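Student: Following is a predicted model, sequence given first.
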Amino acid sequence: MQKILIVEDEGRIVRLIRDYLKKEGYDVLDARDGEEGLAVFQRQDPALIILDLMLPRLDGLEVAKQIRKDSDVPIIMLTAKTEEADRVTGLELGADDYMTKPFSLRELAARIKAIFRRTRGDVTKSEVISQGDLTVNTKTHQVKLTGEEVDLTPTEFDLLSVMASNPGRAFTRHNLLEEIGHFPGERVKRIIDTHIKNLRKKLSRPEGAEKYIETVHGVGYRFRDDLQ
């Protein structure tokens, strides 16, 4: 049974999510502030975290930052805010997805299932993808650049796997969301652009770095097809 941690200070929301996810067959834990959330995460090692941005004692952005120091566990952020900057910051810190309150429990459950599907390696058929100095193993979820392992979040891994499996193909942002099982929303451009920015940073090296992901102006992105 997969374990999900809800870090949320509104009791009503916790109860609604917990009851719904339990009916879906998940083992559900909860914490009511950021510090407790980190403590439960460290003790219980959940398979996924649902994390509110506005939390007492330690806010959701700081919680995500602390978690990403040691773990690539999938994170879905919840926010009641309308400011785009907060969602972008969460994605830059390594969150895999976000939902704005109020939200549909059915959609939340569908997004969770999509993330678990992707982390099981169902996104691509090729087991090992080699492009230049980059190797992507979709079975073990390992990425190596010049022989060194690169730590990616599940969403970053899935985006890279899809693009590296199709070098030279130009993907729109909507294409990429659909390929990895996400739900296109009102901020598609910003979500994808932020994940691509993170990927480019992680796939760069100080000396002679290859540019693996190219921008296709007016379209989206593509993985280079001229790597040896």
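Tutor: Received the coordinates, thanks. Numbering: from 1, shown residues only.

Student: List the contacts of the residue nearest to residue 145 when sequence neighbours are not counted.
Tutor: Spatially, and ignoring its direct neighbours in sequence, residue 145 is nearest to residue 134 (5.4 Å; Cβ to Cβ, 6 or more residues apart in numbering). Using the backbone N, CA and C atoms, a C-beta is placed for each residue, glycine as well. With contact taken as Cβ atoms under 8 Å, 6 or more residues apart in numbering, residue 134 is in contact with 143-145, 164, 203, 210, 212, 227.

Student: May I see the PyMOL selection of the buried members of those?
Tutor: Entered in PyMOL, the line below selects the buried ones among those, by 16 or more other Cβ atoms under 10 Å:
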select buried, resi 143+145+164+203+210+212
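
Student: What about the contacts of residue 134, which are in helices?
Tutor: Using DSSP state H, the subset of the contacts of residue 134 located in helices is residue 164.

Student: Just give me the residue right at the centre of the protein.
Tutor: Taking Cα atoms, centre = their mean, the centroid of the chain lies closest to residue 96, which sits 2.1 Å from it.

Student: For residue 191, see how far away that residue is.
Tutor: 10 Å (Cβ to Cβ, to the nearest Å).

Student: how about residue 221, secondary structure?
Tutor: strand (DSSP: H, G, I helix; E, B strand; the rest coil).

Student: To clarify, my last question referred to residue 28.
Tutor: Looking at residue 28 with three-state DSSP, the answer is strand.
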